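Participant: I need the structure of the sequence given here:
(one chain, ligands or ions: 1)
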Amino acid sequence: MKVLKLEGIRKSYNDLVVLDNINLDIDEGEFVSIMGPSGSGKTTLLNIMGLLDKPDKGKIIIKNKDVTNIYDDNILSYIRGKEIGFVFQHSYLIPVLTALENVLLPSIFIGSPNKDRAKKLLDLVGLKGYYNHYPNQLSGGQQQRVAIARALMNNPSIILADEPTASLDVKTAKTIVNLFKELNDKGHTIVMVTHDPNIAKYSKRIVVLYGGKILSDNASLEEALKLIEQ
Ligand code: ADP
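Facilitator: Presented below is the predicted three-dimensional model:
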């Protein structure tokens with residue numbers, strides 16, 4: 001099943017064309033890295049996939065449903081909350097809430113809080129025994145694990161991660177990308193933006209973006225690095 005499909009996406013800011021005729025299919029169970037030089041449009045692409053930004057042209061289809069022309073913020077937030085789990089470079093945890101409360105938040109937002117599931121997710125990401133810790137009592141890697149558990153809370157169709165390891169040291173970054181790999185092995189669909197070949201190598205497919213165009217939508221790591229360096 002196609003989880004997400006982009007058709008002819010174009011996005012510009014003033015005169016600058018940032019994404020130009022992007023066509024991309026993401027199947028259920030894929031683990032995709034989006035690579036490309038700085039400024040190539042990776043974050044813009046991920047934001048459009050995650051309904052955080054609107055394209056000027058083209059279609060966004062999530063699980064066979066065209067969601068391009070939904071403009072009502074409440075409906076958009078609801079679809080986002082149910083279908084998409086976001087992980088960013090920084091964990092963006094709420095400092096006055098415990099790890100458990102942070103993980104619970106998305107489920108409260110869509111009206112179906114489930115404390116047992118939140119605990120199970122914290123166990124899954126290796127944080128059993130940290131339920132009542134506040135973010136400032138956790139390391140950077142542990143905070144990112146909480147953010148990943150939070151992204152999984154509503155059992156989304158797809159996880160979108162924007163440079164999820166960029167603010168972590170090399171060793172911690174490796175444990176976090178390993179966690180993504182384990183989640184993918186369990187069936188979760190993941191699309192991750194990264195500039196780091198040591199992180200991208202864990203994914204199963206590499207999409208190369210360059211100057212707002214897709215140069216390859218299934219490159220090997222070697223091909224991707226060559227395309228980016230050109
Ligand atoms: P990447 O993630 O590959 O570094 P981005 O998607 O962040 O690339 O940005 C692509 C281009 O779009 C850059 O030139 C950036 O300056 C520009 N851009 C991104 N967001 C905005 C915005 N909100 N307003 C104007 N220009 C933007």
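
Participant: Grab the nearest non-local neighbour of the residue nearest the centre of the chain.
Facilitator: Central residue of the chain (CA atoms, centre = their mean): Leu160, 1.3 Å from the mean position. By the measure of CB to CB, 6 or more residues apart in numbering, the closest residue to Leu160 outside its immediate chain neighbours is Gly50, 4.8 Å from it. (Glycine included, C-beta is placed from N, CA and C.)

Participant: Break down the protein into its helices, ranges please.
Facilitator: 42-49, 73-83, 99-109, 115-124, 140-152, 170-185, 197-200, 221-229 (DSSP state H).

Participant: Please determine how far the residue nearest to the centre of the chain is located from the ligand.
Facilitator: Using CB to the nearest ligand atom, to the nearest Å, one gets 13 Å for the distance from Leu160 to the ligand.

Participant: In contact with that residue, which residues?
Facilitator: With contacts defined as CB atoms under 8 Å, 6 or more residues apart in numbering, the neighbours of Leu160 are 46, 49-50, 84-87, 191-192.

Participant: Quickly note the distance from it to Lys128.
Facilitator: 26 Å (CB to CB, to the nearest Å).

Participant: quick one: which of the contacts of Leu160 is most hemmed in?
Facilitator: Gly85 (28 neighbours; other CB atoms under 10 Å).

Participant: residues in contact with it?
Facilitator: Counted by CB under 8 Å, 6+ apart, Gly85 has contacts 106, 150-154, 156, 158-160.

Participant: From Ile190, how far off is it?
Facilitator: 9 Å.

Participant: Give the residues shared as contacts by those two.
Facilitator: Common neighbours of Gly85 and Ile190 (CB under 8 Å, 6+ apart) are 158-159.
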